[in-house]
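[1] Please work out how this folds:
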Amino acid sequence: MIILEFNNLNNLNVSLQIGDAVYARGVNRQLVGGLPQAGFTDTGNIYYVGILRNIDDLGNGNYELHVDDGVPGASYIPSAEDFIMFSKFSQGDSGLLGYYAEAKFVNNSTEKAELFAVSSEIIINSN
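    Purely as a prediction, here's the structure:
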């Protein structure tokens with residue numbers, strides 16, 4: 001288990017939830033005249049860290065993300081300067097893990113009416 005600590009954040013991304021895949025990308029501070037600048041340059045590769053198993057809100061903008069690195073393909077331990085990102089993770093095509101929809105159809109007319117069709121589009125993985 002890897003624990004990623006974030007301090008002094010206004011908020012975590014509201015889409016982040018347990019079960020998401022966590023990735024990291026190395027970044028380096030830009031140097032101008034030998035002095036570090038405010039921006040970053042990327043180091044090129046995106047690494048799979050693991051699956052998010054727990055989010056601890058420690059208060060005052062401090063968070064701990066518990067990431068399971070014992071899953072296939074996870075072999076990277078992020079450094080303090082890495083950019084951390086996530087994506088929705090699907091471990092199979094069955095079972096609901098995240099979003100859902102509920103619909104209610106009402107006809108207030110006294111006239112006869114028929115519902116011809118109802119359809120939906122399902123996307124297994126959303127980013």
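[2] Can you show me the helices along the protein?
    Read by DSSP state H, the chain holds no helices at all.
[3] any weak-confidence spans in it?
    28-44, 89-100, 121-127 (pLDDT under 70).
[4] rerun at 90
    1, 5-19, 24-47, 57-62, 68-85, 87-127 (pLDDT under 90).
[5] Do a quick rundown of the strands in it.
    2-6, 21-32, 35-59, 62-68, 83-87 (DSSP state E).
[6] OK, contacts around Val118?
    Ala103, Phe105 (CB atoms under 8 Å, 6 or more residues apart in numbering). (Glycine included, C-beta is placed from N, CA and C.)
[7] Next one: it from Glu111, what distance?
    From Val118 across to Glu111, the span is 20 Å (CB to CB, to the nearest Å).
[8] repeat for Asn45
    For Asn45, the distance to Glu111 - CB to CB - is 64 Å.
[9] With Val27 instead?
    Distance from Val27 to Glu111, counting by CB to CB: 64 Å.
[10] and what of Asp82?
    63 Å.
[11] from the strands of the chain, which stretch is densest packed?
    Highest mean neighbour count of those: strand 62-68, a mean of 17 (counted as mean count of other CB atoms under 10 Å).
[12] who does it pair up with?
    As defined by DSSP bridges, the strand partners of strand 62-68 come to strand 2-6 (antiparallel), strand 35-59 (antiparallel).
[13] Which residues does that strand contact?
    Against strand 62-68 from outside (CB under 8 Å, 6+ apart): 1-9, 12, 22, 49-58, 74, 84.
[14] switch the cut-off to 6 Å
    With contacts defined as CB atoms under 6 Å, 6 or more residues apart in numbering, strand 62-68 is touched by 1-7, 12, 22, 49-57.
[15] on that earlier part again, with distance to Ala101 as extra columns, can I get the strands of the chain in CSV?
    Formatted as CSV, the entries for the strands of the chain read as follows, by distance: least, CB to CB, whole Å:
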stretch, distance to Ala101
strand 2-6, 31
strand 21-32, 23
strand 35-59, 24
strand 62-68, 28
strand 83-87, 21
